[in-house]
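Chemist: Sequence first, predicted model second:
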Amino acid sequence: MVILSSQYLKYTQLEDSFKHKGLRLKLVDELRNKGIRDESVLNAINTVPRHLFMDNSFVGFAYVDKAFPIASGQTISQPYTVAFQTEALQIKRLDKVLEVGTGSGYQAAVLCEMGAKLFTIERQRSLYDFARELLPKLGYHPQFFYGDGYLGLPTYGPFDKIIVTAGADSVPPRLKEQLVVGGRMVIPVGGRQVQVMKIIVRVSETEYTETEAGNFVFVPLLPGVAEQR
Ligand code: SAH
């Protein structure tokens with residue numbers, strides 16, 4: 001199964017049909033029913049063509065509220081999870097945001113659509129390449145980094161918001177340090193089976209508050225960069 005390759009981008013028309021738009025509207029309704037309230041998040045999900053972030057053959061699944069396999073054993077997060085994390089971040093236009101785990105680039109596109117100034121980092125080369133090629137074609141221009149997101153991007157920080165889209169065994173201290181005072185981080189923390197969503201706010205130079213917001217399942221946050229194939 002060839003998924004998310006540059007070949008795919010070369011031969012696929014980046015088509016967003018009325019059918020796709022209709023399916024997105026239904027998805028947005030579903031997310032609203034599941035409790036997502038922030039209209040700017042719902043608008044962004046209504047705008048970003050999720051089907052273009054998945055292999056052609058999965059187009060029929062793009063607007064079902066489910067996670068889906070992409071390349072390198074990774075997944076594109078479930079739309080509800082993307083909406084939930086984005087809402088929890090309380091994004092404002094021009095917020096400086098760090099995303100750990102670019103993956104397909106879908107969450108990154110949602111953040112850009114909301115006006116975030118986004119820095120996104122991925123440890124799998126093929127995914128990094130894919131997202132870096134696709135997003136500008138859709139009019140989104142985050143800065144892409146290939147590397148280990150455990151370390152954050154110290155030379156580009158501090159950030160107003162940090163979103164981690166892979167399950168961590170604990171909160172990486174280097175990421176906490178890269179939040180501005182008043183900044184927020186949304187990160188799933190736990191074991192391999194299930195993680196709890198943590199919302200961390202840096203309230204002063206040395207103090208952080210932490211709240212928990214339900215259970216989710218993510219692929220693991222792994223150290224270092226992946227072996228290239
Ligand atoms: N935000 C993505 C979700 C991708 S799944 C989307 O919208 O599609 C999580 C991603 O985190 C995977 O692509 C995985 O390779 C990546 N990842 C895991 N550990 C990482 C690390 N230490 N640094 C950067 N990326 C990492």
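Modeler: Structure received.

Chemist: Identify the residue spatially nearest to residue 46, adjacent ones excluded.
Modeler: Nearest residue to residue 46, sequence neighbours excluded (C-beta to C-beta, 6 or more residues apart in numbering): residue 28, at 4.9 Å. Quick note: C-beta positions are derived from backbone N, CA and C, even for glycine.

Chemist: ok but the one you found is inside a helix, no?
Modeler: Yes - assignment of residue 28 by DSSP: H, G, I helix; E, B strand; the rest coil places it within a helix.

Chemist: residues touching it, list them.
Modeler: With contact set as C-beta atoms under 8 Å, 6 or more residues apart in numbering, residue 28 has these partners: 42, 45-46.

Chemist: go on, residue 214?
Modeler: Shown in contact with residue 214 (C-beta under 8 Å, 6+ apart): 84, 196-197.

Chemist: can you check residue 162 too?
Modeler: Residue 162 touches 97-100, 152, 175, 178-179, 183-187, counting by C-beta under 8 Å, 6+ apart.

Chemist: do the same with residue 104
Modeler: Residue 104 makes contact with 4, 53-54, 70, 76, 127, 130-131 under the criterion C-beta under 8 Å, 6+ apart.

Chemist: ok, so of those, who is nearest the ligand?
Modeler: residue 76 (4.0 Å; C-beta to the nearest ligand atom).
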